[in-house]
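>>> Pasted the sequence and its predicted model underneath.
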Amino acid sequence: MPSDADQSFVTIVVPALNEERHIVGCLTSLLAAACDVRCEILVVDGGSTDRTVELASGVRATSDVTVSVVHNPKRLQSAAVNMAAGLAAPHSRVLLRADAHAHYPADFIRTAVMALRANGATSVVVPMITEGITPMQRAVAAAQNSRLGNGGSSHRTGGRSGFIEHGHHAVFDLAFFRQIGGYNETFSHNEDAELDIRALRAGGRIWMCREAPVTYFPRGSIVGVARQYINHGRGRARTLLLHRQRPKLRQMAPLAILGACILGFLLALADPRFLGVPLAYLLACLGWGVAASIRARDPALLAMGPAAVAMHLGWAVGFVSEVIRHLFRRAAGGRNVPAADAASLRG
């Protein structure tokens with residue numbers, strides 16, 4: 001007798017922008033995972049200037065799975081996923097978001113779709129295990145996988161499957177995704193958390209499926225990590241401001257670190273001993289990296305400390321800058337960002 005996964009046609013969307021290093025590996029892993037699932041794959045490209053489109057177009061699809069490359073004039077991931085929801089085959093019932101920076105295990109699609117159906121969820125989120133190829137990527141991965149970097153985020157830590165408030169997006173009930181308007185296309189980052197807030201308010205249920213982890217490949221430079229986390233901080237601030245929520249305790253930690261470091265530098269103008277505050281933080285992160293390097297016998301992990309600093313301070317700077325921008329917009333009579341238009345997703 002066919003399983004629920006067999007009965008659910010899946011539209012897989014891969015948002016992409018200059019992903020020539022990862023797109024072939026991503027699509028190859030998805031095709032392998034799609035061998036026993038009825039699905040289509042849409043690579044939605046935001047205007048890549050490298051060989052992403054060429055490489056994606058050259059991936060050989062199977063007889064049962066089509067791979068199409070679609071241009072995304074809005075460039076953003078949020079718009080890419082919404083486009084796929086609108087372009088999905090008429091008989092599609094499930095939308096799967098796949099990051100081009102990731103690799104997917106052979107049973108990923110079936111496991112995630114069955115979790116969606118078996119638990120009466122409207123979306124499924126999965127653990128994200130970060131791995132590095134280059135030495136710097138390994139350091140960044142170690143930072144992101146540790147509590148020093150993730151602060152205990154649910155999709156970064158172990159535990160049991162169950163209903164949660166937010167996680168790394170994988171699978172959606174397509175009808176529900178369309179019903180709530182999809183992603184907010186004014187968000188370049190943190191669109192997933194913003195959607196989860198609206199989903200829960202609309203009666204949605206988010207299932208964490210620990211049995212379907214994905215492997216994510218991080219940025220390969222400190223500058224790239226800092227830029228990424230600045231954008232993450234801005235996105236989180238926009239989400240909290242839009243929905244009038246308070247940051248969680250683990251999200252307050254980077255803000256406290258940034259504030260303590262700034263205060264330490266300012267007070268050091270009167271008494272140099274206050275430089276001990278930012279110095280203590282820096283040494284703590286560097287020491288964490290040294291300890292991790294010794295345990296793993298991997299010299300590359302010495303850069304784990306600087307990577308963590310870039311993550312913490314980048315996120316905090318992004319968050320604070322967005323709050324300041326919000327205050328200026330309010331003073332000028334501006335309004336909050338709107339949600340996406342559900343009508344545009346009905347295909």
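Great, that's in hand.
>>> Phi and psi next, for the spatially closest residue to residue 208 that is not a sequence neighbour.
Spatially, and ignoring its direct neighbours in sequence, residue 208 is nearest to residue 164 (4.8 Å; C-beta to C-beta, 6 or more residues apart in numbering). To be clear about C-beta, it is placed using only N, CA and C from the backbone, and glycine gets the same treatment. Residue 164 adopts backbone torsions of phi -140, psi -180, taken as degrees, to the nearest 10.
>>> pretty sure residue 164 is touching residue 206, no?
Yes - between residue 164 and residue 206 a contact is recorded at 5.8 Å, counting by C-beta atoms under 8 Å.
>>> any common contacting residues for the two?
Common contacts of residue 164 and residue 206 (C-beta atoms under 8 Å, 6 or more residues apart in numbering): residue 125.
>>> Tell me which residues touch the residue nearest to residue 208, please.
125, 154, 206-208.
>>> separation between it and residue 219?
26 Å (C-beta to C-beta, to the nearest Å).
>>> and what of residue 133?
The value you get for residue 133 to residue 219, if C-beta to C-beta is used, is 12 Å.
>>> Looking at those two, which is more packed in?
residue 219 (20 against 12; other C-beta atoms under 10 Å).
>>> Specify the local secondary structure of residue 141.
When classified by DSSP: H, G, I helix; E, B strand; the rest coil, residue 141 comes out as helix.
>>> got it, and residue 215?
With three-state DSSP as the criterion, residue 215 reads strand.
>>> So which bits of the longest helix seen in the chain are buried?
Scanning the chain for the longest helix, with DSSP state H as the assignment, gives helix 304-331. For helix 304-331, the buried set under the neighbour-count rule, 16 or more other C-beta atoms under 10 Å, comprises 304-320, 322-323, 326.
>>> Output the below-cut-off pLDDT ranges for the stretch 151-300 of the chain.
151-159 (pLDDT under 70).
>>> can we see that at 90?
Counting by pLDDT under 90, the stretch 151-300 of the chain shows low-confidence ranges at 151-160, 219-220, 246-251.
>>> which stretches of it form strands?
162-164, 168-173, 206-208, 214-216 (DSSP state E, counting those that start in this stretch).
>>> Residue 72 is nearest to which of the ones you listed?
strand 168-173 (17.4 Å; C-beta to C-beta).
>>> Okay, now the sheet partners of the closest one, with direction.
Take DSSP bridges as the rule and strand 168-173 pairs in its sheet with strand 92-97 (antiparallel), strand 123-126 (antiparallel).
>>> I'd like those written out as CSV, with mean neighbour count added.
Formatted as CSV, the strands paired with strand 168-173 follow (neighbours: other C-beta atoms under 10 Å):
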stretch, mean neighbour count
strand 92-97, 24
strand 123-126, 26
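>>> Please dump these into CSV; it should also carry mean pLDDT and distance to residue 79 for every row.
Output for the strands paired with strand 168-173, formatted as CSV (pLDDT from 0 to 100; distance: least, C-beta to C-beta, whole Å):
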stretch, mean pLDDT, distance to residue 79
strand 92-97, 97, 13
strand 123-126, 96, 19
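>>> Turn these into JSON lines, columns for distance to residue 29.
Below are these laid out as JSON lines (distance: least, C-beta to C-beta, whole Å):
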{"stretch": "strand 92-97", "distance to residue 29": "13"}
{"stretch": "strand 123-126", "distance to residue 29": "14"}
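>>> contacts for whichever helix or strand residue 81 is part of?
Element membership for residue 81, per DSSP states H and E: helix 77-87. With contacts defined as C-beta under 8 Å, 6+ apart, helix 77-87 is touched by 11, 13, 15-16, 42, 44, 46, 70, 72, 74, 95, 97, 174, 177-178, 182-185, 187-188, 191, 340, 344-347.
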